[in-house]
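Enquirer: just to be clear, the model below is a prediction. Sequence and coordinates:
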Amino acid sequence: MKAFGTIKREEWRSDGSWFGIIEMPAGSYASFLNKLGEVTKGSGEAKIIK
């Protein structure tokens, strides 16, 4: 995930999941979603925050 932008915040949760806030260029978002889906086998979740 580091390759897509700057990790502003990250934490490992008690259930073993990873939570992170990543600042990235808007043009990288589609590639990021593809990679997230690949790595998590479709169980990843992403949303845009402002």
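Expert: Cool, got the structure.
Enquirer: burial of the residue lying closest to residue 24 once chain neighbours are set aside, as a residue count?
Expert: Among residues not flanking residue 24 along the chain, residue 5 sits closest, at 3.0 Å (Cβ to Cβ, 6 or more residues apart in numbering). C-beta: built from backbone N, CA, C; applies to glycine. Each residue near residue 5 was counted by other Cβ atoms under 10 Å, and the total is 15.
Enquirer: give me the pLDDT for residue 5.
Expert: At residue 5, the model reports a pLDDT of 95.
Enquirer: distance of it relative to residue 11?
Expert: According to Cβ to Cβ, to the nearest Å, residue 5 stands 17 Å off from residue 11.
Enquirer: and if you look at residue 21?
Expert: 10 Å.
Enquirer: do you have the strands of the protein handy? List them.
Expert: 6-12, 18-23 (DSSP state E).
Enquirer: burial-wise, tell me which of those comes out on top.
Expert: Most buried of these by mean neighbour count (mean count of other Cβ atoms under 10 Å) is strand 18-23; its value is a mean of 12.
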